[in-house]
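Peer 1: Please find the sequence and the predicted model below.
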Amino acid sequence: MPLARSATCSEEIRPFPGGHPSYLLRRSSRRRSLALRVSEAGEIVVNAPLRLSQREIDGFLHKHADWISARLQAARAHRFDWQDGALLPYLGGHLQLRLLDQPGPARARQDGAALLCNALPTQTPALVLRWYQRNARALLGERLAHHAARAGLAMPPLRLSNARTRWGSNSAKGVISLNWRLLKAPLATIDYVICHELAHFKQRNHSPAFWREVEALFPDWKKVRAELRQNGRLYFQF
């Protein structure tokens, strides 16, 4: 039997032909057709066969230029505005962003229902994201330990994820990855995602048996999953 060949892949940033922002071109020897995606953040991604000519790719982009424009406009409409008083989603509610101009180091800290950010305007997004990620690691770790104990499992390794399309995963080595943006969601949503990933220790699939494992850990999973599908895109504004 011949050995399977590993895929040959490449990535590069390419200028868009016609005035749009640059796009990410991903080539793979395994692809047989072109695919186009515009993310919620306004990133244009093109997946192409390894040997396809740039001329054909440019023609494909021209053909879909109106669709790309519409998607980029929608992304801009949902882009987060980092201004004083902005509402930051947090555990199903909101924190109010308060921008300060005080002596001392740049930092973000919670004060009741407000997130105080003492920084230059250009520093604000990075500081707030670090605050989310730091607090997400603590809370997600606490909830993971709680539900692992309920499931009769040892505490698995936890990795924070920055994925744009997935809330969690359970690797072949038993590492649980959880998206830091879950800190914006209600606690029930966090618990559902964690129980979903823990159920994969017993069922490495999404069969009826898998969903029975999820239900044993989190009986209200159908309702919470539907809410996450409806509201989840709002958590990706930043």
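Peer 2: Received it, and whenever you're ready, just let me know what you need.
Peer 1: CA atoms for contacts and neighbours, from now on please.
Peer 2: OK.
Peer 1: ok, longest helix in this protein?
Peer 2: Taking DSSP state H as the criterion, the chain has its longest helix at helix 124-150.
Peer 1: Quick one: list the elements packing against that one.
Peer 2: On a contact count with 3 or more Cα pairs under 8 Å, 6 or more residues apart in numbering; DSSP states H and E, helix 124-150 meets strand 107-111, strand 114-118, strand 158-161, helix 187-199.
Peer 1: in the first one, what counts as buried?
Peer 2: This means strand 107-111. R107, A108 (16 or more other Cα atoms under 10 Å).
Peer 1: Identify the residues contacting it?
Peer 2: L115, L116, C117, N118, A119, L127, V128, W131 (Cα atoms under 8 Å, 6 or more residues apart in numbering).
Peer 1: In these, which residue is surrounded by the most others?
Peer 2: Highest neighbour count within the contacts of strand 107-111, by other Cα atoms under 10 Å: C117, with 25 neighbours.
Peer 1: now that residue: how far from R107?
Peer 2: According to Cα to Cα, to the nearest Å, C117 and R107 sit 6 Å apart.
Peer 1: and if you look at R134?
Peer 2: Taken as Cα to Cα, the span from R134 to R107 is 13 Å.
Peer 1: Just the CA trace of the helix or strand bottoming out on mean pLDDT in the chain, in PDB.
Peer 2: Every helix and strand in the chain was compared by mean pLDDT, DSSP states H and E; the lowest is helix 65-77, with a mean of 84. C-alpha atoms of helix 65-77 as PDB (Å, rounded to 0.1, in the frame of the first residue of the first chain):
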ATOM      1  CA  ALA A  65     -16.500  41.600  -5.400                       C
ATOM      2  CA  ASP A  66     -20.100  42.700  -4.600                       C
ATOM      3  CA  TRP A  67     -20.600  39.900  -2.100                       C
ATOM      4  CA  ILE A  68     -17.200  40.800  -0.400                       C
ATOM      5  CA  SER A  69     -18.200  44.400  -0.200                       C
ATOM      6  CA  ALA A  70     -21.500  43.500   1.500                       C
ATOM      7  CA  ARG A  71     -19.800  41.300   4.000                       C
ATOM      8  CA  LEU A  72     -17.100  43.900   4.800                       C
ATOM      9  CA  GLN A  73     -19.900  46.500   5.400                       C
ATOM     10  CA  ALA A  74     -21.700  44.200   7.700                       C
ATOM     11  CA  ALA A  75     -18.400  43.500   9.600                       C
ATOM     12  CA  ARG A  76     -17.800  47.300  10.000                       C
ATOM     13  CA  ALA A  77     -21.400  47.700  11.300                       C
END
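Peer 1: ok, and for it, which residues are buried?
Peer 2: Going by neighbour count (16+ other Cα under 10 Å), the buried part of helix 65-77 is A65, I68, R71, L72, A75.
Peer 1: Turn those into JSON lines, including distance to G42.
Peer 2: What follows is the buried residues of helix 65-77, written out as JSON lines (distance: Cα to Cα, whole Å):
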{"residue": "A65", "distance to G42": "14"}
{"residue": "I68", "distance to G42": "10"}
{"residue": "R71", "distance to G42": "8"}
{"residue": "L72", "distance to G42": "5"}
{"residue": "A75", "distance to G42": "5"}
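Peer 1: Show me which of those is closest to V193.
Peer 2: A75 (25.8 Å; Cα to Cα).
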